[in-house]
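Visitor: quick one, fold the following:
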Amino acid sequence: MSNLETIIPEIREAILESGGKEAYQCYECGMCVSLCPWFQVGNVQFPCYRTPQNVRLGAVMASEEKKELAKEIEELFRCVACDNCKAFCPRHVDMGDIMRAIRRILAESDSLPKELKDVASKFYNVGNPHGEAPEKRNNWATELNLPLFKPGMEFGYWACCLPAYDNRLKNVAISTAKLLKTAGVSFGLVDTNVWCCSETIRNFGAEKVFQELAQRNVAAIKAAGINNLLVTSPHCFTTFKNEYPELGAEFKPTHTVQLFDRLIKEKRLVPKKPLEKTVFYHDPCTLGRQNGIYDEPRAVLQSIPGIKLVENPLFAREYSICCGGGAGGIWQDWPKEERIASVRIKQVVGTGAEILATACPYCILMFDDSIKTMNLDIEVKDVSELLVESITKETTEN
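Guide: Numbering: from 1, shown residues only. As a prediction, this is how the structure comes out:
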């Protein structure tokens, strides 16, 4: 990838114009290699420190042979945007920005990996990565008889595409809704005229699709009169908080664990039923490292009687190992021996935990898949699912 004969200044300029200017801050110390979660996967070499140098040289793609070029493209899509390298880089280089800039060039030239091409077409056609009809977005809530948001309500609830359409994850949205009703929170569902927040599609390069979908959402949320948006996914939370304002969004996003923590402190949610389990809390990269939300989910779990909370101190909080699902990773079919999630699962097993708890739909799916392939008997639960189990039956039915 650094063959001097392959230097193309036009490629360099295109990447820099697409947001890759941070490549010039890197002095190739190599620290990012050991910080990258791929470093923990023993049989994968992902020398990410070379990428800024290749950008500066305009030598991001060296191969002309089709198979070799496909391998190079695959490597550029290994980055899962966990920001671990950025958090500890002595020059604070944002490798995620550099990777997104490169991917934009690839997307514009129709050079995405096949799995991501398929997902991109679903985003473009129906506004979600599952390819499901938009009008089915709130079907998970049918039996709960939840209202749509109306002006005067405190929150509009945005369940995220995964809990909205995935059979396993819809229970996360259901648990959240039950807890909100128990606490007497005034909330309504966001109408089905919104589409995916599109954080994923921006991360794997389809900027034009992101802009179109995001602007549609900004208009819909504004028209509904929503000022406070409650979200399940840290990916939605981060996108709404950091990226939607540049498109004119004025609403404030709140992640569910932030609200649960507040409701428990206000005694509006009182966990009563003991859960005699050893629980490992996994910090999602997007919720923790990118937003500093570490204490709230732990406080929620510790409020549940009987729970013994454990963790691996070397890989907790800002040092947490990524599940591998970010920046399109959740849609890629990595071989069993190349799964970052499996590294994390082994750490969980080492603590003796019976339950792996987290607060991110991406993490739940990635961990569930790895646990199945590893033949382990560990449950993966969202914080909301554990909390609702500890609320008395009579309360959740009211």
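
Visitor: what ranges in the stretch 151-300 of the chain fall below the confidence cut-off?
Guide: Nowhere does the stretch 151-300 of the chain drop to pLDDT under 70.

Visitor: quick one, helices of the stretch 251-398 of the chain?
Guide: Assigned by DSSP state H, counting those that start in this stretch, the helices in the stretch 251-398 of the chain fall at 256-265, 295-302, 340-350, 361-374, 383-390, 393-397.

Visitor: what do you get for the stretch 101-250 of the chain?
Guide: Using DSSP H, counting those that start in this stretch, helices in the stretch 101-250 of the chain cover 114-126, 161-165, 170-182, 199-203, 207-224, 234-242.

Visitor: dump the ones you listed to JSON lines, plus distance to residue 82 and mean neighbour count.
Guide: (C-beta placed from N, C-alpha, C; glycine too.) Formatted as JSON lines, those follow (distance: least, CB to CB, whole Å; neighbours: other CB atoms under 10 Å):
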{"stretch": "helix 114-126", "distance to residue 82": "18", "mean neighbour count": "16"}
{"stretch": "helix 161-165", "distance to residue 82": "18", "mean neighbour count": "24"}
{"stretch": "helix 170-182", "distance to residue 82": "21", "mean neighbour count": "22"}
{"stretch": "helix 199-203", "distance to residue 82": "11", "mean neighbour count": "24"}
{"stretch": "helix 207-224", "distance to residue 82": "20", "mean neighbour count": "18"}
{"stretch": "helix 234-242", "distance to residue 82": "12", "mean neighbour count": "24"}
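
Visitor: is it possible to get CSV of these that adds distance to residue 287?
Guide: Converted to CSV, those look like this (distance: least, CB to CB, whole Å):
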stretch, distance to residue 287
helix 114-126, 22
helix 161-165, 15
helix 170-182, 14
helix 199-203, 13
helix 207-224, 20
helix 234-242, 4
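
Visitor: ok, which of those comes nearest residue 47?
Guide: helix 199-203 (20.5 Å; CB to CB).

Visitor: one step back: TSV for the helices of the stretch 251-398 of the chain, including mean neighbour count?
Guide: Shown next, in TSV, are those (neighbours: other CB atoms under 10 Å):
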stretch	mean neighbour count
helix 256-265	21
helix 295-302	20
helix 340-350	21
helix 361-374	22
helix 383-390	22
helix 393-397	11
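
Visitor: quick one: closest of these to residue 29.
Guide: The closest approach between residue 29 and any of these, judged by CB to CB, belongs to helix 340-350 at 22.8 Å.

Visitor: gap between the closest one and the chain center?
Guide: The chain centre lies 18 Å from the centre of helix 340-350; the measure is CA atoms, centre = their mean, to the nearest Å.

Visitor: go on, stretch 169-187?
Guide: Between the centre of stretch 169-187 and the centre of its chain there are 21 Å (CA atoms, centre = their mean).

Visitor: cool, and stretch 203-223?
Guide: Using CA atoms, centre = their mean, the offset of stretch 203-223 from its chain centre is 17 Å.

Visitor: got the domain ranges for the chain?
Guide: Using automatic domain parsing, the domain ranges for the chain come out as 4-111, 116-262, 270-397.

Visitor: list the contacts of the residue sitting nearest the centre point of the chain.
Guide: The centre of the chain sits closest to residue 235, judged by CA atoms, centre = their mean, with a distance of 4.1 Å. Residues near residue 235 by CB atoms under 8 Å, 6 or more residues apart in numbering: 160, 197, 199-200, 286, 326, 360, 362.
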